[in-house]
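Student: Predicted model and sequence follow; I will ask about them next.
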Amino acid sequence: MFRIFDNKTREERLCEKYSRLMEQAYKIALVDKEKSDQLNSRANKILAEIRRMNSRLVEETRNANS
């Protein structure tokens, strides 16, 4: 019903942070290119972490099914 007290997973928190950073980078791109590039860089690091987490999950499921 309500997800007020449900804890979010690390992946959900990282996805939200990634989305916020990309939105900020997009909005600020016309005003300050350097700041936008910094935000994009931080967002890409978070995206890489999300991908690493997902690849580990895939590997764990493959190993469990073998």
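Tutor: Now that the structure is in, tell me what you want to look at.
Student: With the flanking residues excluded, which residue is spatially nearest to Leu21?
Tutor: Nearest residue to Leu21, sequence neighbours excluded (Cβ to Cβ, 6 or more residues apart in numbering): Ala43, at 3.9 Å. From N, CA and C alone the C-beta is placed, and that goes for glycine too.
Student: Quick one: list the elements packing against the lowest-mean-pLDDT helix or strand in the chain.
Tutor: Lowest on mean pLDDT, DSSP states H and E among the helices and strands of the chain sits helix 33-65, with a mean of 90. Under the contact definition 3 or more Cβ pairs under 8 Å, 6 or more residues apart in numbering; DSSP states H and E, helix 33-65 sits against helix 10-28.
Student: Could you pull up phi and psi at Thr9?
Tutor: phi -70, psi 160 (degrees, to the nearest 10).
Student: separation between it and Glu23?
Tutor: 21 Å (Cβ to Cβ, to the nearest Å).
Student: Over to Leu14?
Tutor: 15 Å.
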